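**Q** Got a predicted structure plus its sequence, pasted below:
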Amino acid sequence: MALLKVSFLQMSKRCLLQCGICWKPLSKLSVHISPKMPPCDFIPERYESRPYNHILEIRKQNFSPLVSTYFQKPLLLHQGYMQWLFDNEGRRYLDLFSGIVTVSVGHCHPKVTTAAQKQLGRLWHSSPVFLHPAIHEYAEKLTALLPEPLKVIFFTNSGSEANDMAMLMARSYSQNADIISFRGAYHGSSPYTFGLTSVGTFKPKIANGSSCQTTMCPDVFRGPWGGNQCRDSLVQTIRKCDCTPGCCKANSQYIEEFKNTLHTVVAKEIAGFFAEPIQGVNGVVQYPRGFLKEAFQLVRERGGVCIADEVQTGFGRLGTHFWGFQSHEILPDIVTMAKGIANGFPMSAVVTTPEIASSFAKHVYHFNTFSGNPIAGVIGSAVLDAIKEDGLQENSQETGSYMLLKLAKLRDEFNIVGDVRGKGLMIGIEMVQDQDSRQPLPLKEINLIHEDCKDMGLILGRGGLFSQTFRIAPPMCITKQEADFAVEVFHSALSRHMEKRAKGKF
């Protein structure tokens, strides 16, 4: 033991971190050995900015009190490279959350970085009243990836702004007011989109987003109906299902609830219906197969338009298709996109049909000073190139499926893992008190598992109405070796947690 202690002390802390070993005093080492972190040939620069405590003080004094942070001791991030993040002390983390599902092709992806740097030396900003080749070339490239008649683009700067415009567009085209969204949906935090967003944490106490109504989310795990044949995923719920092939009883029951919404809480004619192909903030919630197709038809019968919110699901993340709506075999009237569109640069877009665009122009004069600036065009184009040239949609399908199936095995081992679900590199792990009750695992326990994963070098996201779901949406360049590491870390964290539970610590 003494020799072991000496050998640890002789190694540098930096060396230990690069090897993926969590450095701790020997007396505090657990019997559990942290999984070994995969190698990374990138060496971060030395952190030379303000000390951690100074940064924390600025945060407390000068930032909005509404902006919360992960972890008891928030991470001070310094540098990123592809799927890796480095903090101010040089510690390395595998990023499974991508800045909230935003870094699509990798932190500081060389192709995107080079393109941005080159444009920065030419022209940062003009405005939409001038022509610039970058944004026009990008518009041509992006619309080529969308089916007819989705060919007219309005550039904006954030997902909230894109959905805000889509709401206005739906109302001006239909000349109706009511818009429906799912409970558990997150579509933004602007005064308009607050009405669409249906997660209590984000709902303001003051009046907002009038003429917005919610309908039951067809959640086949937590909702009243669902079984083990319902969703478009390699992993189904553990709930029993007596559906026959081609006939999903849960889908039929959720459609009846949707019809009930149309009959009771909205006017006879409506403006539209917003849906994420897979709910993101609510914890990667998937609907029964065929639900959106039937819902879209019902909405159109009422004079409304159908909007697909692709802010988190688009750009190849789901693997099987470039856009999430394609996996539902539907064609929206309006598509909104942001986040992964520009790998972290503030950019978003609304794409619609010529008919809806023309109607919108008759009723609304829209102008945005920063929309479609030259840098946005160059970065957006470089992201599309990286997705294609690096085979990232294919990797999302292959590596995402690989990770999803490995994570699903944890559900068989740990009773607090209630559900594992998702497509491609958009995965949710819903934590419960036990699988029979499906009641959310208490927040205190969720936080401890989250912290333990971070301490072993793994950054996970959080979601769900009770923050009970771990969200996995890494940069799409992640490898199977790194997926193995992630699963091993999560397994280790769950094992440690269950030991504490067995000792009556909760």
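**A** In hand now; what should we look at?
**Q** Roughly how far does the spatially most central residue of the chain sit from Ile334?
**A** Nearest residue to the geometric centre of the chain (Cα atoms, centre = their mean): Val101, 3.8 Å. From Val101 across to Ile334, the span is 21 Å (Cβ to Cβ, to the nearest Å). C-beta: built from backbone N, CA, C; applies to glycine.
**Q** Repeat that for Leu234.
**A** Taking Cβ to Cβ, one finds Leu234 at 30 Å from Ile334.
**Q** Ok, Asp412 next?
**A** From Asp412 to Ile334 the distance is 41 Å (Cβ to Cβ).
**Q** Show me this protein divided up by domain.
**A** 12-96+393-502, 176-301 (automatic domain parsing).
**Q** Now tabulate those in JSON lines and tack on distance to Ser381 and mean neighbour count.
**A** Converted to JSON lines, the domains of the chain look like this (distance: least, Cβ to Cβ, whole Å; neighbours: other Cβ atoms under 10 Å):
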{"stretch": "domain 12-96+393-502", "distance to Ser381": "17", "mean neighbour count": "18"}
{"stretch": "domain 176-301", "distance to Ser381": "24", "mean neighbour count": "20"}
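**Q** just for the stretch 1-150 of the chain, where's the confidence low?
**A** Low-confidence segments of the stretch 1-150 of the chain, defined by pLDDT under 70, span residues 1-31.
**Q** quick one, strands of it?
**A** All strands of the stretch 1-150 of the chain, identified by DSSP state E, counting those that start in this stretch, fall at 77-81, 84-87, 92-95.
**Q** Output the below-cut-off pLDDT ranges for the chain.
**A** If you take pLDDT under 70 as the line, the chain has these spans: 1-31.
**Q** Assess the claim that Ala295 and Lys259 are in contact.
**A** No - between Ala295 and Lys259 there is no contact under Cβ atoms under 8 Å: 9.4 Å.
**Q** Please, which helix or strand holds Ser381?
**A** Using DSSP states H and E, Ser381 sits in helix 374-389.
**Q** Summarise which helices and strands that helix is packed against.
**A** Where contact means 3 or more Cβ pairs under 8 Å, 6 or more residues apart in numbering; DSSP states H and E, helix 374-389 is packed against helix 110-120, helix 133-143.
**Q** which parts of the first one are buried?
**A** Meaning helix 110-120. Of the residues in helix 110-120, 112, 115-116, 119 count as buried by neighbour count, 16 or more other Cβ atoms under 10 Å.
**Q** The last one too?
**A** Taking 16+ other Cβ under 10 Å as the neighbour-count basis, helix 133-143 is seen to contain the buried residues 134-135, 138-139, 142.
**Q** would you list these in a markdown table and tack on distance to Pro149?
**A** Formatted as a markdown table, the buried residues of helix 133-143 follow (distance: Cβ to Cβ, whole Å):
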| residue | distance to Pro149 |
| --- | --- |
| Ala134 | 25 |
| Ile135 | 21 |
| Tyr138 | 20 |
| Ala139 | 15 |
| Leu142 | 15 |
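**Q** which pair in those spans the largest distance?
**A** Spatial extent of the buried residues of helix 133-143 (Cβ to Cβ) is set by the pair Ala134 and Leu142 at 12.3 Å.
**Q** can you tell me which residues contact the residue nearest to Leu410 when sequence neighbours are not counted?
**A** Leaving aside its chain neighbours, Leu410 sits nearest to Val417 (5.1 Å; criterion: Cβ to Cβ, 6 or more residues apart in numbering). Going by Cβ atoms under 8 Å, 6 or more residues apart in numbering, Val417 touches 410-411, 429-432, 435, 494.
**Q** ok, these vs Ile375, which is closest?
**A** Ile429 (36.5 Å).
**Q** Name the helix or strand for the closest one, please.
**A** Here Ile429 is assigned to strand 426-431, by DSSP H and E.
**Q** could I get the strands of the stretch 1-150 of the chain as a markdown table with distance to Phe155?
**A** Below are the strands of the stretch 1-150 of the chain laid out as a markdown table (distance: least, Cβ to Cβ, whole Å):
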| stretch | distance to Phe155 |
| --- | --- |
| strand 77-81 | 26 |
| strand 84-87 | 29 |
| strand 92-95 | 27 |
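**Q** before we move on, back to that, in CSV, list the domains of the chain along with distance to His328.
**A** Listed next are those as CSV, based on distance: least, Cβ to Cβ, whole Å:
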stretch, distance to His328
domain 12-96+393-502, 11
domain 176-301, 4
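**Q** Out of those domains, the one nearest Ser127 is which?
**A** Among these, the nearest to Ser127 by Cβ to Cβ is domain 176-301 (21.9 Å).
**Q** So what would you say the end-to-end distance of the closest one is?
**A** 13 Å (Cα to Cα, to the nearest Å).
**Q** How far off centre is it?
**A** Taking Cα atoms, centre = their mean, to the nearest Å, one finds the center of domain 176-301 at 17 Å from the center of the full chain.
**Q** do stretch 316-330 as well
**A** With Cα atoms, centre = their mean as the basis, stretch 316-330 stands 14 Å off its chain's centre.
**Q** can you list contacts of that stretch?
**A** Here stretch 316-330 has contacts from 101, 104, 145-146, 232, 276-278, 291-293, 296, 306, 308, 310, 313-315, 331-332, 335, 340, 387, 392-394, 396-398, 400-401, 423-426, 473, 476, using Cβ under 8 Å, 6+ apart.
**Q** Tell me the spacing between Asn62 and Gly314.
**A** On the measure of Cβ to Cβ, Asn62 and Gly314 end up 34 Å apart.
**Q** next one: Ile43
**A** Ile43 is 33 Å from Gly314, by Cβ to Cβ.
**Q** Next: Tyr254.
**A** Counting by Cβ to Cβ, the gap from Tyr254 to Gly314 is 24 Å.
**Q** What are the boundaries of the helices in the stretch 251-400 of the chain?
**A** Secondary structure of the stretch 251-400 of the chain by DSSP state H, counting those that start in this stretch: the helices cover 291-301, 354-363, 374-389, 392-413.
**Q** I'd like the ones you listed as TSV, with distance to Cys243 appended.
**A** Output for the helices of the stretch 251-400 of the chain, formatted as TSV (distance: least, Cβ to Cβ, whole Å):
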stretch	distance to Cys243
helix 291-301	14
helix 354-363	37
helix 374-389	36
helix 392-413	20
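**Q** Relative to Gly159, which of those is closest?
**A** Gly159 lies closest to helix 374-389 among those, at 14.4 Å (Cβ to Cβ).
**Q** Identify the residues contacting that closest one?
**A** 104-106, 109, 111-112, 114-116, 118-120, 122-126, 132, 134-138, 141-142, 145, 155, 315-316, 340-343, 345, 347, 392-393, 476.
**Q** and what of stretch 186-199?
**A** Against stretch 186-199 from outside (Cβ under 8 Å, 6+ apart): 158-161, 163-164, 167-168, 179, 181-185, 202-204, 208-212, 214, 274, 276, 279-282, 309, 465.
**Q** Ok, stretch 143-151 next?
**A** Residues contacting stretch 143-151 (Cβ under 8 Å, 6+ apart): 153, 322-323, 331-332, 335, 351-355, 384.
**Q** dump the residue contacts of Asn176.
**A** Applying Cβ under 8 Å, 6+ apart, the residues contacting Asn176 are 267, 269-271, 303-304.
**Q** Pipe those residues into CSV and attach distance to Gly80 per row.
**A** Below are those laid out as CSV (distance: Cβ to Cβ, whole Å):
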residue, distance to Gly80
Ala267, 48
Glu269, 48
Ile270, 43
Ala271, 41
Gly303, 47
Gly304, 41
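**Q** taking the residues you listed one by one, which sit in strands?
**A** Judged by DSSP state E, strands contain none of the contacts of Asn176.
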